[in-house]
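In: Structure here, sequence nowhere to be found:
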């Protein structure tokens, strides 16, 4: 069974649209949830979330964690073609330094 | 310059051959990881190491082997026992500070193809 489930698996939007990506997890001892963006090769770090209800923002991207619902969302506002990428969600457990990744959401932004 | 270096970028392997993928880092990070990425399946953990001379199996370790003789290096060997090795392999590192892990940083990856 998958520990981390992302939805949707893919979506296509037009420039200027707002995108909301979902990540749900099922782990025993949650420590943190991380979001990464993968354009061609190396995933690049976006956010690390450890506390519920506190939104993290970076430009047009924001993310929030809901520990009660065991989920997180990543929002991208005013999308640009440069936002086209695979967005990966990962969860880390306490006492266990490995990350468990979801399958990713492929976002395509059309001009 | 600092970072994670994976080599080679592209690797072709014949059936029955062992091949070794290199991962070197100069970030002084404690932990190193190997992931495999297949289309539509995200990243799956092969092996990871938190300290020198110690490593643990991930979710899909069968057919792979690693070593951690130096802090900077974590090579991955894909053995002939790995039935479907064609994939994109990513190495990552992270720092352990006060018993907690920082975010992981990734290398540029090695694309392995069996011919």
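Out: Yes, it's here. For clarity, every value in this text was computed on a predicted model and none was experimentally measured.
In: And residue A:74, how far from chain B?
Out: Remark: distance between residue A:74 and chain B (CB to the nearest CB, to the nearest Å) = 15 Å. No exception for glycine: its C-beta is placed from N, CA and C like everyone else's.
In: Lowest mean pLDDT among the helices and strands, pick that one out for chain A.
Out: Taking mean pLDDT, DSSP states H and E as the measure, the helix or strand of chain A with the lowest value is strand A:96-101, at a mean of 82.
In: List the strands paired with it, with their directions.
Out: Looking at strand A:96-101 with DSSP bridges, its partner strands are strand A:85-93 (antiparallel).
In: just the helices in chain B please.
Out: Using DSSP state H, no helices are assigned anywhere in chain B.
In: Below-threshold pLDDT in it: ranges please.
Out: B:1-2 (pLDDT under 70).
In: picking up where we left off before, quick one: name whatever helix or strand follows the least confident helix or strand of chain A.
Out: Sequence-wise, the next helix or strand downstream of strand A:96-101 (DSSP states H and E) is strand A:105-110.
In: List of residues touching stretch B:90-102?
Out: Residues outside stretch B:90-102 that contact it (CB atoms under 8 Å, 6 or more residues apart in numbering or on different chains): A:31-32, A:42-43, A:92, A:97, B:4, B:6, B:21, B:23, B:25, B:27-37, B:43, B:50, B:74, B:76, B:103-107, B:109.
In: What residues sit buried inside the least confident helix or strand of chain A?
Out: A:97-101 (16 or more other CB atoms under 10 Å in any protein chain shown).
In: contacting residues for residue 49?
Out: No chain was given, so I picked chain A. By CB under 8 Å, 6+ apart, the neighbours of residue A:49 are A:32-35, A:56, A:63-65, A:72.
In: that's the wrong chain, I meant chain B
Out: B:31-33, B:55-56, B:66, B:68, B:74.
In: contacts with chain A among the residues you listed, please.
Out: Among these, the residues that sit close to chain A (CB under 8 Å from any CB of the partner chain) are B:31, B:33, B:56.
In: about what we covered before: which one of the contacts of residue B:49 is nearest to chain A?
Out: Relative to chain A, the closest of the contacts of residue B:49 is residue B:31; by CB to the nearest CB it sits at 5.4 Å.
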